[in-house]
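Participant: fold the following and give me the result.
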Amino acid sequence: MIPKFRDFKTGKFLFKDQIEVFKKQKIKEIYTFAFNKTHIAYLLKIGFVETEEQGKFRLLVQ
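Facilitator: Numbering: from 1, shown residues only. The predicted structure follows:
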């Protein structure tokens, strides 16, 4: 995706606007892996944090 057209709407929709869906399913954490610097920056921007395991990121469902 061309950077100037990247807008983070999908991530915001899933991990911010629809967070209640995860709560109703009693999901407390969401994990993903990333090794690309651009994708890592994206994950951090939408609220994921890096774990001790290389390339693994966690989002707490609150």
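
Participant: report all helices and strands that the helix ranked longest in the chain contacts.
Facilitator: Ranked by residue count, the top helix of the chain under DSSP state H comes out as helix 37-45. In this structure, helix 37-45 packs against strand 56-60, with contacts taken as 3 or more Cβ pairs under 8 Å, 6 or more residues apart in numbering; DSSP states H and E. Where C-beta positions appear, they are placed from N, C-alpha and C, glycine not excepted.

Participant: circling back: which residues touch the helix or strand following the longest helix of the chain?
Facilitator: Sequence-wise, the next helix or strand downstream of helix 37-45 (DSSP states H and E) is strand 49-50. Strand 49-50 has contacts (Cβ atoms under 8 Å, 6 or more residues apart in numbering) with 40, 44, 56-59.

Participant: list buried members of those by neighbour count.
Facilitator: With neighbours counted by 16 or more other Cβ atoms under 10 Å, the contacts of strand 49-50 contain buried members at 57, 59.

Participant: off-centre distance for the longest helix of the chain?
Facilitator: 8 Å (Cα atoms, centre = their mean, to the nearest Å).

Participant: pull the residues that contact stretch 11-24.
Facilitator: Outside stretch 11-24, the residues that reach it (Cβ under 8 Å, 6+ apart) are 30, 42, 46-47, 59, 61-62.

Participant: go again using 10 Å as the cut-off
Facilitator: 8-9, 27-30, 42-43, 45-48, 59, 61-62 (Cβ atoms under 10 Å, 6 or more residues apart in numbering).

Participant: circling back: same list (the contacts of strand 49-50) but as CSV, adding distance to Q18 and pLDDT.
Facilitator: Formatted as CSV, the contacts of strand 49-50 follow (distance: Cβ to Cβ, whole Å; pLDDT from 0 to 100):
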residue, distance to Q18, pLDDT
I40, 23, 95
L44, 20, 94
K56, 23, 98
F57, 18, 98
R58, 18, 98
L59, 12, 95
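
Participant: thank you, goodbye.
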